[in-house]
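J.: here is a sequence with its predicted model. Questions after.
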Amino acid sequence: NLGVEVQYVTVNACEDYSVDVKRLYHSINHYYMRRAKLLSKYEKYGNKAHECLHTSIAEYDEATFIEFSLSITHLYYYYLSMYDKIMKNIDKIKKPRNDSHELYFTW
């Protein structure tokens, strides 16, 4: 049945989106842990490696900013695609069968 297949594809798309969002949250957590480790080295060695550590922290921040920007842009377009699929097939999602039963699915 086409309506049931549309529901299945939509739910799978939502699960994929959820996995991508969790991956982004995990990478944000990893970023802060890594940055804290670099800052602790900066505090530990003080003036000895001041310039080198300062440069590495700045480069790490810049690279991570670019990575997060790309990830957020990817999630934004993925969300728009998912929204478009849902809105185009909203009737098939709400009523997957053409019989007289009024079945509404919420998720």
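T.: That came in fine, so what should we check first? Numbering: from 1, shown residues only.
J.: show the pLDDT at Trp107.
T.: Per-residue confidence (pLDDT) for Trp107: 48.
J.: Asp20: what's its closest spatial neighbour, skipping adjacent residues?
T.: Leu75 (6.0 Å; Cβ to Cβ, 6 or more residues apart in numbering). Yep, even glycine has a C-beta here, placed from its N, CA and C like the rest.
J.: oh, I was asking about Lys41
T.: Leu53 (5.9 Å).
J.: quick one, what contacts that neighbour?
T.: Leu38, Lys41, Tyr42, Tyr45 (Cβ atoms under 8 Å, 6 or more residues apart in numbering).
J.: closest to His26 among these?
T.: Comparing those against His26 with Cβ to Cβ picks out Leu38 as the nearest, at 18.9 Å.
J.: next, give phi and psi for Ala49.
T.: phi -120, psi 30 (degrees, to the nearest 10).
J.: sorry, back to before: in which helix or strand does the residue nearest to Lys41 reside?
T.: Take DSSP states H and E as the rule and Leu53 turns out to sit in helix 50-88.
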